[in-house]
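Peer 1: how would this look folded up:
(one chain, ligands or ions: 1)
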Amino acid sequence: MCGIVGYVGPKNATSLLVDGLKRLEYRGYDSAGVSLMNGAGVETRKAKGKIAMLEKAIGAHPIKGNVGIAHTRWATHGPPNECNAHPHHDCTGTISVVHNGIIENYSPLRDMLKKTGHTFVSDTDTEVLAHLIEAAFDGNLEEAVVDALALVEGTYGIAVISSRDPEKIVAARKGSPLLIGLGEGENYVASDVAAILQHTRHVVYLDDGEMAVLTRDAYRVTDLNAQTVKKRVSRIDWDLEQIEKGGFAHFMLKEIMEQPQSIENTMRGRSVDEDGFSKLGGLNLSKDELQHFDHIIITACGTSWHSALIGKMMIEEHARIRCEVEYASEFRYRNPIVTDRTLCIAISQSGETADTLAAMREAKRRGAKTLGLVNVVGSTIAREDDGGIYLHAGPEIGVASTKAFTSQVVALTLLTLKLARLRTMSVVQGRDVTQALERLPQQVQSILDRAAEIEQIAEAFVEAKNFLYLGRGYNFPVALEGALKLKEISYIHAEGYPAAEMKHGPIALIDENMPVVFIAPHDSVFDKVVSNVQEVKARGGRVIVITSRDEPSLEGKIDYEIRIPETIDMLNPILAVIPLQLLAYYIAAKRGLNVDQPRNLAKSVTVE
Ligand code: F6R
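Peer 2: Coordinates of the predicted model:
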């Protein structure tokens, strides 16, 4: 995710800010930049790619100053390039802004500002902030920031400097973390304590709706009505490595725990409750084009292929469009049937998977329109598709995909809503879906809050040699995903099956050494799964059930039960997969394995 660091004090800020950015590299980013007050005005250097590129840009034209802000960008609006990198400026070049978060109403704000003569140079949502502050500026930077933020919808953590009010940094927070670091005759602002830990361990965390004004010798925190807020100074005892992982032992666990926020970010501004509809600005498809498709092919690999299977079920059930799911590696060498009424959806966290890219290109060559469901903005799939939905899940660093999967299912739900509401789905049915979506972050959190229960269950299976995962309907792909998570990080052999297929072969494997995980929320196929549980128990298998209600007929037949909240059938995978991610994680961690970088695996598979 994006990172912010700012400094005001007696030292030369350039190297201090660049060092701070380096401490934020672990969060993932695609470009970086720095702005300093150089005595005459605001001076900025930016670069696409690694911090080393920024250092090169600074080396070519050094800047000096004692007040400055810096940023690492993870693209959300517009591709990663020098122009879209932060800081962003107003028309006069006297105001410089870095921003984490998403300005939801940036498009109407941009139109409004353009009409009043402002000129934009980037594709970003952030640039509107610089121009709004310019429009409101009347000699005092914090007052202008307050006026600008009053017009903004969305989330932000920002730091702003201006050569027209040069001795200060103004910072503000809503929904995106920000803290102040306190030094002797110097102060810092950062989105993450890792950026400033080498300089100070004394910090003040800003809360939503708060603003801070930092000078060399003082800081003041107010609300957005200029009322002073009394803040507590905290002392940081963690070391850097602990901070990078947010205090978690591994990135994978951190990313599992981030899912309430990542799901929220995928939905933000897209799920329209009153109309039971979804707004998906990036599709680049007219209503007529969306109605014209009579065939969808979803292509992907690995975990993304599992979310594709869920997408197929949603689309066929609700939008009533014939939908196929193809392994990208197979699709690219087949002779598939593609017409001008075919829509090809490529799903990829990285947007760089070679097979998925080749499959999408092949579909395009054959006349299909293409959509990318991608997490990494500006990745090759995102650049080459005809339109798409960015996941906005934030960088996924652990090799095993977790938060990207749940965001993919959310994005597929939004797409299904769009297609279905243009066809047979009523407003009332649409609202059932949007309301269920809105409940998800809190429901996911309620499962994560019970992670210790799952850790305890994991203890019993650390020595297991095999695992079977069974589910039906929407939960069959979840069984596949649970098995993949376990095998890739724990090296325990695991298979996922449709629960009723068990009797056609895998049932022969069942004895007291075979743990069987049933994904059985209370949905339309629940009763059928109950019979499958009984079959396993009758053969001595060890049963773990993920379910959402008490079921008297299962009493005495379950060894371990993990409860999840109830939701509509199509969203059950998002809740059911959380305990499976945790189970795989805890088993692998207890086996002492390198969870974030399992053997033989890479985060992005860019070879065939
Ligand atoms: C599993 C995993 C892989 C990826 C697959 C596709 O945890 O991470 O199976 O899902 O390599 O990667 P993307 O989604 O980047 O195309």
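Peer 1: Now do the contacts for the closest residue to the ligand within the chain.
Peer 2: Closest to the ligand within the chain is Gly302: 1.9 Å, counting by Cβ to the nearest ligand atom. Quick note: C-beta positions are derived from backbone N, CA and C, even for glycine. Gly302 makes contacts with 401, 484, as judged by Cβ atoms under 8 Å, 6 or more residues apart in numbering.
Peer 1: quick one: it from Lys465, how far?
Peer 2: As judged by Cβ to Cβ, to the nearest Å, Gly302 and Lys465 stand 23 Å apart.
Peer 1: Helices of the stretch 451-600 of the chain, start to end?
Peer 2: For the stretch 451-600 of the chain, the helices defined by DSSP state H, counting those that start in this stretch cover 451-459, 476-490, 526-538, 572-590.
Peer 1: could these be laid out in a markdown table, adding distance to the ligand and mean neighbour count?
Peer 2: Shown next, in a markdown table, are the helices of the stretch 451-600 of the chain (distance: least, Cβ to the nearest ligand atom, whole Å; neighbours: other Cβ atoms under 10 Å):
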| stretch | distance to the ligand | mean neighbour count |
| --- | --- | --- |
| helix 451-459 | 18 | 16 |
| helix 476-490 | 6 | 26 |
| helix 526-538 | 25 | 17 |
| helix 572-590 | 10 | 26 |
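Peer 1: Tabulate these in JSON lines, adding columns for mean pLDDT.
Peer 2: Output for these, formatted as JSON lines (pLDDT from 0 to 100):
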{"stretch": "helix 451-459", "mean pLDDT": "97"}
{"stretch": "helix 476-490", "mean pLDDT": "97"}
{"stretch": "helix 526-538", "mean pLDDT": "88"}
{"stretch": "helix 572-590", "mean pLDDT": "98"}
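Peer 1: now the ones you listed in a markdown table, with distance to Lys312?
Peer 2: A markdown table is the format used below for those (distance: least, Cβ to Cβ, whole Å):
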| stretch | distance to Lys312 |
| --- | --- |
| helix 451-459 | 29 |
| helix 476-490 | 9 |
| helix 526-538 | 20 |
| helix 572-590 | 12 |
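Peer 1: now for those, which one comes closest to Glu512?
Peer 2: The closest of these to Glu512 is helix 526-538. By Cβ to Cβ, the value is 10.9 Å.
Peer 1: Could you check how far the one helix or strand Met360 maps to is from the centre of its chain?
Peer 2: Using DSSP states H and E, Met360 sits within helix 354-365. Counting by Cα atoms, centre = their mean, to the nearest Å, helix 354-365 is centred 24 Å from the centre of its parent chain.
Peer 1: Likewise for stretch 238-246?
Peer 2: 20 Å.
Peer 1: can you check stretch 283-298 too?
Peer 2: Relative to the chain's own centre, stretch 283-298 is displaced by 26 Å; criterion: Cα atoms, centre = their mean.
Peer 1: Number the chain from 9, please
Peer 2: Done: numbering now begins at 9, and the last item shifts to stretch 291-306.
Peer 1: can I get the CA coordinates of that stretch in CSV?
Peer 2: Extracted in CSV, the C-alpha atoms of stretch 291-306 (Å, rounded to 0.1, in the frame of the first residue of the first chain):
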residue,chain,number,x,y,z
LEU,A,291,-15.7,-1.8,-17.5
ASN,A,292,-15.7,0.5,-20.6
LEU,A,293,-18.8,-1.4,-21.9
SER,A,294,-22.1,0.3,-22.7
LYS,A,295,-25.4,-1.0,-21.4
ASP,A,296,-26.1,-2.4,-24.9
GLU,A,297,-22.8,-4.2,-25.1
LEU,A,298,-23.4,-5.7,-21.7
GLN,A,299,-26.8,-6.9,-22.8
HIS,A,300,-25.3,-8.3,-26.1
PHE,A,301,-23.1,-11.0,-24.5
ASP,A,302,-24.6,-14.5,-24.5
HIS,A,303,-21.4,-16.4,-23.5
ILE,A,304,-18.7,-15.7,-20.9
ILE,A,305,-15.3,-17.4,-20.5
ILE,A,306,-13.4,-16.9,-17.3
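Peer 1: is any part of it close to the ligand?
Peer 2: No. Legend: contact between stretch 291-306 and the ligand by Cβ under 6 Å from any ligand atom is lacking; minimum distance shown is 12.5 Å.
Peer 1: And that stretch, what's buried?
Peer 2: By neighbour count with 16 or more other Cβ atoms under 10 Å, stretch 291-306 contains the buried residues 291, 293, 298, 301, 303-306.
Peer 1: Quick check: next helix or strand after the helix or strand of the chain with the lowest mean pLDDT?
Peer 2: When the helices and strands of the chain are scored by mean pLDDT, DSSP states H and E, helix 248-252 comes last with a mean of 73. Downstream of helix 248-252, the first helix or strand assigned by DSSP H and E is helix 259-265.
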